[in-house]
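Peer 1: here is a sequence together with a model predicted from it:
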Amino acid sequence: MAREKVQREKKTPDALGEDFSGVERKILNDPIIQQVVALARKKEVSLYLVGGTIRDILLDRAVRDYDFVVEKVEKPFLDQLGGLLEASLFPMGKGQGGRIYRLVKGERSIDFALMAGDDIGQDLMRRDFTINAIAYSCGQRRFFSAPQALEDLKAGRIDLISSQALQADPLRMLRAVRYRCTLLGFDLTDRLQEEIKRHTELLTEVAPERIRAELDEIILSPSPSKGLGLMHELGLLTRIFPEITPLKDLPQGRHHITDALSHTIEVVGEVDLLIREKHPFPFQFSEQERLIAGYAALFHDLGKPATKSADDTGEIHFYGHPEQSSLLAQGIMKRLRFPNRVRDGVIPPVENHMRILTLAQGEPTDKALRRLINAMGEGIRLLLVLGMAESGSKGNRDEGVQGRFMDLCQRIWDLYEEEDLIAPEPLLMGRDLLALGYSPGPRLGEILNEVRRRQIAGELRDREEALRFVQGAYSP
């Protein structure tokens, strides 16, 4: 991208003179906006539709969330609107003008923030990016915009509304990356990129939960690997994840063609692509499972720098790196306050991501595959996709190697579908052993655990086989 040669002059926002009648119709035909505007008129509440909502309508994108600015927060109005929309009302953190109130209706949110400054013009000039500095007055039925907003929107430019925007809220650095990933055809201006590079240390001032929320959006975006790559270029990736820094320029041996960091970012992209359209198995991932898969891919090789070794021939090894990666991932997720459900989903595939790749190098028995499925539970689906992404990112074009790996993945999936190996019905219960004359106590549990282990391995198929095994192996 060519460097911009002149600094744009910032002027005061004013009402737009262009014909926006078509955009206005889209706004006023939205059923949620209709109800908000109708009640606001009835209660004489002055409000503006602002920011990303206007931007997405102008870009003909589906509106997921709604942002309103009010001249005065009227709690009774919000309570009544919540009842009308059958939405829950929550007070949020501080915005640019004060506390934000959010109504949540299903998967949609409707935010109301107090106007920053004396009028909508001052409010727009305190926003993050030019493309979000557009407002519609629901009472006056007029549009307002900061200078360059429409021009940047048409040109696909993500630029700061002012040089103080990042200092006002450093999270905007990550938000800029998120917009790059979610707004098709948009890119950061050179000025914005330089400003981010100069201010990455300000991220330490941002609450971990807010950072993680933006990271979630990047991982779930259509271009997570591009987002992570841009974060690395801007110095954000290692600022948020210092554990990733040693992966840069770390050689990985003859099985890889890139350094560990490039490989990690590639695997995130491969996982996303496999989940969206390419994996050969008859299952789909929920949004939360996609998030878990993305973070598992991002964290899977964190332990390589600490476990790197070389043998007598100079061959590089990383023995034990999955376990070390798991420890580092747990530290990151604790620091950024990941929800338990995400953390619990990420750790097993990180700890076990080499198992399928290792099994593919030999002739694994069904017994070994059954034990893997039982250990992973429903996470075996994610492990299959992560293994495929790892295999595909190594640059190995040996069709025989790839074919053996995919055959093994298919065997694992067939076993998973054919048998209940995660929570099979017990072949024996404690009462069965008591009826055979075994005494109550810890020994009963040991016997039942061994029966279960052999059941999962496929060595014991029914109750009769289990009874014969117990009577032959254990004396009452």
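Peer 2: Done, it's in.
Peer 1: so where do the helices sit in the stretch 101-250 of the chain?
Peer 2: For the stretch 101-250 of the chain, the helices defined by DSSP state H, counting those that start in this stretch occupy 120-125, 149-155, 165-168, 172-182, 190-199, 208-219, 224-234, 236-240.
Peer 1: could you dump the ones you listed to a markdown table with mean neighbour count and distance to residue 442?
Peer 2: Backbone N, C-alpha and C define where each C-beta goes, glycine included. Supplementary listing: these in a markdown table, determined by neighbours: other CB atoms under 10 Å; distance: least, CB to CB, whole Å:
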| stretch | mean neighbour count | distance to residue 442 |
| --- | --- | --- |
| helix 120-125 | 21 | 69 |
| helix 149-155 | 18 | 70 |
| helix 165-168 | 17 | 61 |
| helix 172-182 | 23 | 52 |
| helix 190-199 | 17 | 60 |
| helix 208-219 | 19 | 43 |
| helix 224-234 | 22 | 49 |
| helix 236-240 | 21 | 47 |
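Peer 1: quick one: residue 444 and residue 431 touch, right?
Peer 2: No: when contacts are counted by CB atoms under 8 Å, residue 444 is not listed as touching residue 431 (9.9 Å).
Peer 1: the two: which is more packed in?
Peer 2: Applying other CB atoms under 10 Å to residue 444 and residue 431 shows that residue 444 carries more neighbours, namely 18 against 9.
Peer 1: got a list of what that one touches?
Peer 2: With contacts defined as CB atoms under 8 Å, 6 or more residues apart in numbering, the neighbours of residue 444 are 430, 433, 434, 438.
Peer 1: restrict the helix or strand where it lies to CA atoms and write it as PDB.
Peer 2: Here residue 444, judged by DSSP states H and E, is contained in helix 442-456. Output of helix 442-456 as PDB, limited to C-alpha atoms (Å, rounded to 0.1, in the frame of the first residue of the first chain):
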ATOM      1  CA  PRO A 442     -11.400 -50.300  47.000                       C
ATOM      2  CA  ARG A 443     -10.500 -53.600  45.200                       C
ATOM      3  CA  LEU A 444     -14.000 -53.600  43.700                       C
ATOM      4  CA  GLY A 445     -13.300 -50.300  42.000                       C
ATOM      5  CA  GLU A 446      -9.900 -51.500  40.700                       C
ATOM      6  CA  ILE A 447     -11.500 -54.600  39.100                       C
ATOM      7  CA  LEU A 448     -14.300 -52.500  37.500                       C
ATOM      8  CA  ASN A 449     -11.800 -50.000  36.100                       C
ATOM      9  CA  GLU A 450      -9.800 -52.800  34.500                       C
ATOM     10  CA  VAL A 451     -13.000 -54.200  33.000                       C
ATOM     11  CA  ARG A 452     -13.900 -50.800  31.600                       C
ATOM     12  CA  ARG A 453     -10.400 -50.400  30.200                       C
ATOM     13  CA  ARG A 454     -10.600 -53.700  28.400                       C
ATOM     14  CA  GLN A 455     -14.100 -52.900  27.300                       C
ATOM     15  CA  ILE A 456     -12.900 -49.700  25.600                       C
END
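Peer 1: ok so, going back, filter the contacts of residue 444 down to the buried ones, ChimeraX style.
Peer 2: Entered in ChimeraX, the line below selects the buried ones among those, by 16 or more other CB atoms under 10 Å:
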select :433,438
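Peer 1: so residue 460 sits in a helix?
Peer 2: No: assessed by DSSP: H, G, I helix; E, B strand; the rest coil, residue 460 does not belong to a helix; its assignment is coil.
Peer 1: got the angle for the helix or strand residue 293 falls within vs helix 224-234?
Peer 2: According to DSSP H and E, residue 293 maps onto helix 287-299. With axes from the mean of the first three to the mean of the last three CA atoms, to 10 degrees defining the directions, helix 287-299 sits at 40 degrees from helix 224-234.
Peer 1: pull the residues that contact helix 287-299.
Peer 2: Residues from elsewhere that reach helix 287-299 (CB under 8 Å, 6+ apart): 216, 219-220, 224, 228, 264, 267-268, 270-272, 275, 285, 325, 328-329, 332-333, 338, 341-342, 345-346, 349-350, 353, 381-382, 385-386, 389.
Peer 1: select, out of the helices of the stretch 101-250 of the chain, the one closest to residue 58.
Peer 2: Ranking those by distance to residue 58, with CB to CB as the measure, places helix 149-155 first at 6.1 Å.
Peer 1: what mean pLDDT does that closest one get?
Peer 2: Mean pLDDT, computed over helix 149-155, is 92.
Peer 1: pull the CA atoms of it into CSV?
Peer 2: These are the backbone C-alpha positions of helix 149-155, laid out as CSV (Å, rounded to 0.1, in the frame of the first residue of the first chain):
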residue,chain,number,x,y,z
ALA,A,149,-16.2,9.3,6.7
LEU,A,150,-18.0,8.6,3.5
GLU,A,151,-14.9,8.9,1.4
ASP,A,152,-13.1,6.3,3.6
LEU,A,153,-16.1,4.1,3.6
LYS,A,154,-16.3,4.1,-0.2
ALA,A,155,-12.5,3.6,-0.6
